[in-house]
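In: Sequence isn't available, so here's the structure alone:
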C-alpha cells in the first residue's frame, strides 16, 4: 500500500501543479503543454485505481487527438497574452462563482459517498471483480450489452453534430482543378492520345 | 519491516530495471545495425556500395556516427524556445523506447505483460507526435514549423485507420493482451481447411486487406517514404529537424527508428504470428522463438527499406486523400464485416 500512496501523491501533486501552470504560464503553447502533462498524470491516477482501460483511452483520445488539435490551433494563432491578461480581473466574479459551484458539488458528491456508501452503490452498476473480468470487458458489458440503445443514440447525436459542423463550414468552390484518381487510372492511350497525320507544309 | 519492503517492492523493482536495461541495450545495438541495413539496401537498389569504410563491410558505421554526433557541439538557435527545443527530442526518444516494455519477444519474454498491451502501444505511439510538433514549434523557423504541422495532421489521420485495423484483429482474438494475440494465431484459416499448423494460420491471410492497410499506414505513421512529407528534403530541407544538430538530432533520429522497428514488430505480432515458427515441425520448434520474431521483424523492415528506395514521394493532398477517403472507409467496412462474420459463424 505504501508504494501506491507514494505514486498517488506524486501523480496528484504533478497534476495539480501543472494545472496551476496552465493558467499561470506566460506562453500559450507552454500552457497547452502543461495541460498535456495534467492529462498524463490523470491517466496515471486512473491506472492506480485499476482502471487501466480508462487510462489508456484518456491517453489516446485526450492527449493523442484533442490536445494535438488544441496545440495546433494555439501554435497557429498569434495570441497576445499580455493583452488577454489585462482584462482578466473583470471576469473574476464569474470565475469565482463557477469555482464555488464546482467545489460545492464536489463536497456533496464526496461527502455523500462518505456518509452513506450504500446510496452510491444502489444507483450504480455492480463492479465485477477485476481478477475475473478485465475492465475492458466489464465496460463492454455495460456499454454494448446492457445499455446498447442509449449508446447508439449517443453515437447518433454525435454524428448529427459532426454532419452539422461539416455542413456549416463546407463551401464548394467551382473553377478549380481537382485530381480524380479513378479517371486518371482509367485513361488509356486510345482515350488520351490522338494520332493525326499532318500534311507536310500545312500544319493542323 | 525493511526486509519485507525489500522483498515486496525492492527486489521486483531491481529485476525490472535490469530487464529494461538489457532490453534497451539490445534494442539500441539492433537499431544501429538496422540503420546500416537501411542505408545498404537503399545503396544496393541504386547500384552504390553504401557505407563500407568503418569496419568490415562498413558494419560499424552507425557507431562511428554515434561518436561523431556525441562529440559535436549542439547548436541552439538564438530565437528558439530553449526548454521546449531540448525537451522535444527527449520526449520523442523516451516515448518510442517506452512502447517496447510490453512487446513479447517469445513466450513469457516480456517486461510488462499487461491486460491492455495493444492499447498501451497505441496510446504511447499516438503521443509520439508531440516530439515532432514541439521540435517544429520551438525551432522558431518556417521550415521546421511547416514540417511539424504536416506531421501532426498526417500522424493523426493515419492513426484512425491503424486503430480500426487493430480493432479487427482484436475482434478475431478477443483479448487486448499481446501474448494472447500471438497464441490466437496458432489455429486459423489453415487448420480450418484441414492443414497442419503453419504460417497459413496467421492473421495476414485471413485479414489480408487489413495487413496491407496496416503496412502502408505504418509507413505514414512513422514518416517513412513515400510519406516523408514532414522532412521532405526537396521542399523543407529536413522539416522539423532543420535546426537540430549533434546529440539532440541523434535522439530525434533514434526515436524515429525505434518507432519504425515498433511498427515492424507490431505487424509481426498482429499479423505474422509473433514468435511462432512457420511450420509446426520439431526442428523449427527447436529454434528459439526470439529468432523467428527477429527474422519476421527484419523481413518487414526490409520491405520498409525497399519502399523507401523505389517509391516516389506522395503529394500532400494525395496523402490525405489516401488516409481519409480510401483507408478509413475500407477499414471501417472491414470492422463491420469481420464482426458480422464472427457473429454469424459463431466464432466470437
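Out: Done, it's in. Because the structure is predicted, anything quoted here is derived from the model rather than measured.
In: Tell me which residue in chain B sits closest to chain A.
Out: When scored by C-beta to the nearest C-beta, chain B has residue B:126 as its residue closest to chain A, at 3.0 Å. Using the backbone N, CA and C atoms, a C-beta is placed for each residue, glycine as well.
In: Let me see the backbone angles for the residue nearest to that residue when sequence neighbours are not counted.
Out: In this structure, residue B:126 finds its nearest non-sequential neighbour in residue A:64, 3.0 Å apart by C-beta to C-beta, 6 or more residues apart in numbering or on different chains. Torsion angles at residue A:64 (phi, psi; degrees, to the nearest 10) stand at phi -70, psi -20.
In: what sits against residue A:64?
Out: The neighbours of residue A:64, taking C-beta atoms under 8 Å, 6 or more residues apart in numbering or on different chains as the test, are B:123, B:126, B:127, B:129, B:156, B:159.
In: got the residues of chain A near chain B?
Out: Residues of chain A lying close to chain B by C-beta under 8 Å from any C-beta of the partner chain are A:2-3, A:27, A:29-30, A:33, A:36, A:52-53, A:56-57, A:59-60, A:63-65, A:68-69, A:71-72, A:75-76, A:134, A:136, A:179, A:181.
In: gap between the two ends of stretch B:122-141?
Out: Using C-alpha to C-alpha, to the nearest Å, one end of stretch B:122-141 lies 31 Å from the other.
In: just the helices in chain A please.
Out: Applying DSSP state H to chain A gives helices spanning A:2-24, A:28-48, A:52-57, A:67-76, A:81-86, A:92-115, A:117-123, A:135-140, A:148-169, A:181-186, A:189-192.
In: most packed of these?
Out: Highest mean neighbour count among the helices of chain A (mean count of other C-beta atoms under 10 Å in any protein chain shown): helix A:52-57, with a mean of 21.
In: where in the stretch 101-250 of chain B is pLDDT low?
Out: Along the stretch 101-250 of chain B, segments meeting pLDDT under 70 span B:232-233.
In: ok, now with 80
Out: For the stretch 101-250 of chain B, the stretches with pLDDT under 80 are B:187-200, B:229-239.
In: which parts of it sit against chain A?
Out: Contact residues, the stretch 101-250 of chain B versus chain A (C-beta under 8 Å from any C-beta): B:114-116, B:119-120, B:122-124, B:126-127, B:129-130, B:133-134, B:137, B:145, B:149, B:152, B:156, B:159, B:163, B:176.
In: what does the domain assignment say about chain A?
Out: Under the assignment automatic domain parsing, the domains of chain A span A:1-86, A:91-123, A:133-170.
In: out of those domains, which comes closest to residue B:89?
Out: Nearest to residue B:89 among the domains of chain A is domain A:1-86 (15.0 Å), distances taken as C-beta to C-beta.
In: can you give me the offset of the closest one from its chain's centre?
Out: Relative to its parent chain, domain A:1-86 has a centroid offset of 12 Å by C-alpha atoms, centre = their mean, to the nearest Å.
In: With stretch B:82-93 instead?
Out: Centroid separation for stretch B:82-93 versus its chain: 20 Å, with C-alpha atoms, centre = their mean.
In: check whether that stretch contacts chain A.
Out: Yes - on the criterion C-beta under 8 Å from any C-beta, stretch B:82-93 is in touch with chain A at residue B:84.
In: Pull out the buried residues from that stretch.
Out: Neighbour-count burial for stretch B:82-93, counted by 16 or more other C-beta atoms under 10 Å in any protein chain shown, picks out B:84, B:85, B:86, B:87, B:88, B:89, B:91, B:92, B:93.
In: can I get the residues you listed in TSV with secondary structure and distance to residue B:56?
Out: TSV is the format used below for those (DSSP: H, G, I helix; E, B strand; the rest coil; distance: C-beta to C-beta, whole Å):
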residue	secondary structure	distance to residue B:56
B:84	helix	42
B:85	helix	39
B:86	helix	37
B:87	helix	39
B:88	helix	36
B:89	helix	32
B:91	helix	37
B:92	helix	32
B:93	helix	29
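In: any weak-confidence spans in chain A?
Out: A:1-3, A:26, A:76-89, A:113, A:115-135, A:178-179, A:202-204.
In: The residue of it found nearest chain B and residue B:223: what is the separation?
Out: Closest to chain B within chain A is residue A:64: 3.0 Å, counting by C-beta to the nearest C-beta. Distance, residue A:64 to residue B:223, by C-beta to C-beta, to the nearest Å: 16 Å.
In: Then residue A:36?
Out: Residue A:36 is 21 Å from residue B:223, by C-beta to C-beta.
In: since we're on residue B:251, how many residues are nearby?
Out: 21 (other C-beta atoms under 10 Å in any protein chain shown).
In: Hmm, it is touching residue B:87, no?
Out: No - applying C-beta atoms under 8 Å, one finds residue B:251 not in contact with residue B:87, separated by 10.8 Å.
In: Show me what the strand or helix carrying residue B:292 is packed against.
Out: Taking DSSP states H and E as the criterion, residue B:292 maps to helix B:289-310. Applying 3 or more C-beta pairs under 8 Å, 6 or more residues apart in numbering or on different chains; DSSP states H and E, we find helix B:289-310 packed against helix B:11-45, helix B:208-221, helix B:246-271.
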